[in-house]
Structure formats: C-alpha cells, structure tokens
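In: model this:
(2 chains)
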Amino acid sequence: MKNRTTVERASERELVVTRAFDAPARLVFEAWTTAELFKRWWVPRSLGMTLRSCELDVRVGGRYRLVFGDDPSSTDEFFGRYIEVTPPSRIVWTNDEGGEGGPVTTVTFEEKDGKTLVVLRERYPSKEALDAAGTGAADAMGESFEQLDELLAIPGTNARYMG
Amino acid sequence: MVQCLSVSFDASFAALSDATRRGVLEQLGRADASITHLAEKFHMTLTGMKKHVGVLEQAGLVTTEKVGRVRTCKLGSRRLDDETAWIERYRQLWDARFDELDKVVEELKRKEKVDGRKKRK
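Out: This is a model prediction of the structure:
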C-alpha cells in the first residue's frame, strides 16, 4: 500500500511535509544525497520538467545547484548551501535562487522498526514570502483544482474532471 | 488539520466521481430540491437518491434540512478556498516526488539484499 504524503501549514511562515518510507533511514538519506539518485526523483514526470544538471556537495557549507529544462540557453535554476548535514538523520539547506527571502529547508529522517518517517520543513522569512511561493507552486502544478473549484462554484456535469 | 484536509478532499473526489451526484449538484445549483423531487428527476428510488445525497452531504457539498415530512437539499457551504487549493497542489508535487523516491529507495533495498547474500556466500 502506498504511504500518504501530508502537508500542513504549521505556522504563518512554515510548511511541513511528511511521508513514511518502508526502508531504513540510511537508504533514504543515500537517495537524497547522491546526485545520480536524487535526479531520478526530485523532478517527477508529472511536473513536465527535466533536470538538466544536478550538482550536490552534501557537507556543511557545501553547495548544490539544479538546472532545469532541455534548452541549453535556459538558466532556470535552483541553488543554495547546506548548513547542517548529519547522516543519516538530518539535512538543512538554504534556497538562494530568489535572493534574500528564500526559505530554509530542514529534512529529518526518523527510523523506527525499519521504516523511516521523512519530515520536511520549509521555513520562510515571512508570511508574505510563503504566500508568494504558494502561488508559484500552484501555477507549476497545473489547473486541476481550479477546475474542481469551478465545478463546485457553478455546478455542472463535466466528465473531464473524473478522468 | 492535515488529516481533515486529506479526508475532505478524498470525500469530495469520491462524491464527484458519480454522474448522478454531479447532476444533483447541478440541479441544486439552480434551486433547492426535496429528495423526492430529485429521485423523480433522476428516475431513481427514494432510497437510492438518499444514498447519493448522503455521500454529497458527507463531503460537505450538500446540506439537508427536514421540514415537516419533507427533506430539502441545498448546496453546502464548503468551497475550496485558495489556500486549501494551493496547499493541495503543493502536496501533489511532494507526493509525486516521494512516489519516485520510493522507487529509488526500493531499488537500493533490493540491491542491498542481493549484496548481503553475496557476502554471506
């Protein structure tokens, strides 16, 4: 059975994502910190994007850089710095592509009975920064929920929603 | 809060996965209606329509009120507000990501098992 991903807005400026994995923490940590493995899951196919390059220097003070898109002239990239690395239980990094105002992400891997609970916290410097990021993420994830919203606001039968 | 959110989304999708129930929502968007009226309109038994309305009610999409012997249905107040919608999209992104991570981790697990067996030999 598939483990469920939950998201909670834990405070005005913090989002918390959780998910359990049926594997020991060291394997989840390995998949998170090895570039060849990381690039296989960070950009899911449903996002409609490709990860052109992925450099991870996972150690305190080390940098990471992810470049998206097939077009070599595109500079759609994400980068930042690891500020805490504690194998196999904790990684903290900055998200610097947006200049100041980017969130600090903390991921912890808690192992229990051979399973690992992943808790990822994105802490933004302000409520406004989180709201702005939310709008961006919403755009990236497509229109399906706006469609559902429309259906609920102006009820009408529309089989497209149901796939 | 997380649990509530996911439960209500699941309930909404389940409620909307049925053509009759979508029709009922459309109908109630035009005017409130009794269960009897809805049953006639959709050529169903009263019991069948009660079940559909029950599912919609559970999802918060419809509310019902009994006045005398007549149960009247109207559209519920629940709407997917903006924050709920973008948090759900954000969740979908992480869910898709973590599904892929699951595959990578399963592969590492299998590999470790094979390597372990080799070591024992």
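In: stretch A:99-114: which residues count as buried?
Out: Of all the residues in stretch A:99-114, those buried under the rule 16 or more other CB atoms under 10 Å in any protein chain shown are A:102-109, A:111. Bear in mind the C-beta positions are built from the backbone N, C-alpha and C, glycine included.
In: which among those residues gets closest to residue B:29?
Out: Lowest distance from residue B:29 to the buried residues of stretch A:99-114 (CB to CB) belongs to residue A:103, with 39.9 Å.
In: that closest one contacts residue A:133, correct?
Out: Yes. Taking contacts as CB atoms under 8 Å, residue A:103 lies within contact range of residue A:133: 7.1 Å.
In: quick check: residue B:46 touching residue B:36?
Out: Yes. With contact defined as CB under 8 Å, residue B:46 counts as touching residue B:36 (6.5 Å).
In: state the phi and psi torsions of the residue nearest in space to the middle of chain A.
Out: Of all residues in chain A, the one closest to the mean position by CA atoms, centre = their mean is residue A:42, 7.4 Å from it. The phi and psi values for residue A:42, taken as degrees, to the nearest 10, are phi -60, psi -30.
In: restricted to strands, list the buried residues of stretch A:99-114.
Out: A:104-109, A:111 (DSSP state E).
In: got CSV for the buried residues of stretch A:99-114, with pLDDT too?
Out: Below are the buried residues of stretch A:99-114 laid out as CSV (pLDDT from 0 to 100):
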residue, pLDDT
A:102, 86
A:103, 91
A:104, 95
A:105, 96
A:106, 97
A:107, 97
A:108, 97
A:109, 97
A:111, 97
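In: could you pull out the helices for chain A?
Out: Applying DSSP state H to chain A gives helices spanning A:25-33, A:35-41, A:127-140, A:144-153.
In: so what sits against both of residue A:103 and residue A:133?
Out: In terms of CB atoms under 8 Å, 6 or more residues apart in numbering or on different chains, residue A:103 and residue A:133 are both contacted by the residues residue A:124.
In: just the buried positions in the helix or strand where residue B:110 lies, please.
Out: Counting by DSSP states H and E, the secondary-structure element that holds residue B:110 is helix B:82-120. Of the residues in helix B:82-120, B:84-102, B:104-105, B:108-109 count as buried by neighbour count, 16+ other CB under 10 Å.
In: just want the angle from that helix to helix A:25-33.
Out: Angle, helix B:82-120 to helix A:25-33, by axes from the mean of the first three to the mean of the last three CA atoms, to 10 degrees: 120 degrees.
In: what about helix B:82-120, near chain A?
Out: Yes. Helix B:82-120 reaches chain A (CB under 8 Å from any CB of the partner chain) through B:83, B:85-106, B:108-109, B:112.
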